[in-house]
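Colleague: Using only what follows, build the 3D model:
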Amino acid sequence: MALDALPRPVAVVVGAGGVLGAAHVGVGYALEERGFVPDMIIGTSVGALNGAIAAAHPDRAAPWLDHVWTQLRRREVYPLGYLSSRASIFTDRGLRRLIARSGLPSRIEELAVPFTAVAMDLGTGAAALLDHGDLESALLASAAIPGILPPVDREGRTLVDGGVIAYVPVLAARQAGAASVVVVATGPESSPLSPTVPRRRAGAIAARAGQLLLHHQIERDLHEVSQHIPTVVLPTGVDTWPAPWDFGHTRRLISTASRTAGRFLDGLRVSGPGLYRLENAPAVPAGPGEPSASSASGAAR
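Modeller: Predicted coordinates:
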């Protein structure tokens, strides 16, 4: 497998995406089935939670994550409640319960694989790389969507969701000393965007602008890192994404991502620094005899 030839240390970078993080589980199955274990894991937002579970259970993370994700419901993650402040719409008690039942140690240093959660310092706008200390507060900070979940005060800083500054934290991986990276990213922001003009409605225009903003951030960071080290972006094959609050598509996201990432890995060839990914890859069909996803054979872009 081409991943075996990647320069060490290899970092797995797990991006943001909320409910779309279920696709991370499918990619995890594809990696584990091929015997791949990273040297470090860097995660943002939901990618930090998934990454921490993977770092705690490096040989059997996918089944752990599968169990967690298939049990999730919206009211568990985003519970409405009366807050003592006006910092957020939802409380973080649901996320705290989720972390508590995820089989995680209390401190980052106790994870089996070196791990970093990425958040953003609300005061300075700088990335906060949380690679030591209390694990729960690091995960809460990395997932604290501004206005949606409360910010976290940690080590004298007020922290919010790392996806604001590092939706796919490849720069943090390189800063941590990675010699190559394997990227697990989800959502339409991580895929090539069609030049579609949205309907002239406030919600649609804002959503399209936000998607473009994240897409350009992701592309900028990927191209920056890939100039120096091999950067492998694993496809999910998902072309129809659910709404951010809809947890009813978990099984579809997991199975589609597992098949697509597995086929990509089996055809991957890596030769030096560069960006290795599928371009415009369609979803992998479920049944035998149907056409498979188009392959770029892992060619550097």
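Colleague: three-state assignment of residue 158?
Modeller: Assigned state for residue 158: strand (three-state reduction, DSSP: H, G, I helix; E, B strand; the rest coil).
Colleague: mind listing the helices for the stretch 51-200 of the chain?
Modeller: Under the criterion DSSP state H, counting those that start in this stretch, the stretch 51-200 of the chain contains helices at 61-71, 74-77, 93-100, 135-142, 170-175.
Colleague: So which elements touch the last one?
Modeller: I take that to be helix 170-175. Contacts of helix 170-175 with other secondary structure elements, assessed using 3 or more Cβ pairs under 8 Å, 6 or more residues apart in numbering; DSSP states H and E, are made with strand 10-14, strand 40-44, strand 127-130, strand 180-184, helix 202-226. Where you see a C-beta, it was placed from the backbone N, CA and C, and this is true even at glycine.
Colleague: please redo it, this time with the cut-off set to 10 Å
Modeller: Here helix 170-175 is seen to pack against strand 10-14, strand 40-44, strand 115-121, strand 127-130, strand 180-184, helix 202-226, strand 230-234 when contacts are counted using 3 or more Cβ pairs under 10 Å, 6 or more residues apart in numbering; DSSP states H and E.
Colleague: cool, the longest one as well?
Modeller: Applying 3+ Cβ pairs under 10 Å, 6+ apart, we find helix 61-71 packed against helix 22-33, helix 46-56, helix 250-267.
Colleague: May I see these organised as JSON lines, with mean neighbour count added?
Modeller: Putting the helices and strands packed on helix 61-71 into JSON lines (neighbours: other Cβ atoms under 10 Å) gives the following:
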{"stretch": "helix 22-33", "mean neighbour count": "26"}
{"stretch": "helix 46-56", "mean neighbour count": "28"}
{"stretch": "helix 250-267", "mean neighbour count": "21"}
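Colleague: I'd like those as a markdown table, with distance to residue 194 and mean pLDDT appended.
Modeller: A markdown table is the format used below for those (distance: least, Cβ to Cβ, whole Å; pLDDT from 0 to 100):
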| stretch | distance to residue 194 | mean pLDDT |
| --- | --- | --- |
| helix 22-33 | 20 | 95 |
| helix 46-56 | 25 | 96 |
| helix 250-267 | 19 | 94 |
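Colleague: residue contacts, residue 55?
Modeller: Contact partners of residue 55, counting by Cβ atoms under 10 Å, 6 or more residues apart in numbering, are 12, 38, 40-41, 43, 61, 104-105, 108, 110-116, 135.
Colleague: at 7 Å instead, please
Modeller: Residue 55 is in contact with 41, 111-113, 115, counting by Cβ atoms under 7 Å, 6 or more residues apart in numbering.
Colleague: Residue 147 bridge partners, please.
Modeller: Beta-bridge partners of residue 147, counted by DSSP bridges, are residue 88.
Colleague: Equivalent analysis for residue 158, please.
Modeller: With DSSP bridges as the criterion, the beta-bridge partners of residue 158 are residue 153.
Colleague: That one: neighbour count?
Modeller: By the measure other Cβ atoms under 10 Å, the count of residues near residue 158 is 18.
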